[in-house]
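J.: Pasted the sequence and its predicted model underneath.
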Amino acid sequence: MIRAATPADIPVIHAMVRELAEYEKALEEARATEGQLREALFGERPAAFAHIAEDDTTGEPVGFALWFLNFSTWRGVHGIYLEDLYVRPQARGGGHGRALLTELARICVERGYERLEWSVLDWNEPSIAFYRALGARPQDEWTVYRLTDDALRTLGSRG
């Protein structure tokens, strides 16, 4: 079962974010707090959204998708950028990841969004194979760039 996240889900979302960061070998970079997630998802002006995958028999949360809107100047409409998709190891292969992506695709179609995009680590072959099986294709001509920490502060402090 897939459902929209509620404020009561913040602790489990936070835990799964940390599990995902550990899987991606970057736990030290996962500094978000439960308070920050609560504000982003349920504050006065939510900037992100989340869905929870629950085990069909126990109702226990076993995965999540956290996403936000982006905008294509070429298409002239919003799209969804999937920041995180995670299914706990014991629940993998049960259709939860597919169900989460199906829900986001449904939202795109319903709202007239023309893109559902995300990034995947080059070494994550199981996820790459899964995404390809769904019909997703890599954007090989594009490279993601990121400013963080000192580089971001340095550039941002220039007048």
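T.: Everything's here; your move.

J.: What are the boundaries of the strands in this protein?
T.: In the chain, the segments counted as strands under DSSP state E are 2-4, 49-54, 61-72, 77-87, 116-118.

J.: Quick check: pLDDT value at residue 149.
T.: The model reports residue 149 with a pLDDT of 89.

J.: Against residue 156, how distant is it?
T.: 11 Å (Cβ to Cβ, to the nearest Å). The way it works is simple: take the backbone N, C-alpha and C, and place the C-beta from them, glycine included.

J.: and if you look at residue 45?
T.: Applying Cβ to Cβ, the value for residue 45 to residue 156 is 22 Å.

J.: Also residue 95?
T.: Residue 95 sits 43 Å away from residue 156, going by Cβ to Cβ.

J.: Compare those two and say which is more crowded by neighbours.
T.: residue 95 (13 against 8; other Cβ atoms under 10 Å).

J.: residues in contact with the most centrally placed residue in the chain?
T.: The residue lying closest to the centre of the chain (Cα atoms, centre = their mean) is residue 84, at 2.3 Å. For residue 84, the contact set (Cβ atoms under 8 Å, 6 or more residues apart in numbering) comprises 17, 20, 64-66.

J.: which regions of this structure sit below the pLDDT cut-off?
T.: Residue ranges of the chain with pLDDT under 70: 159.
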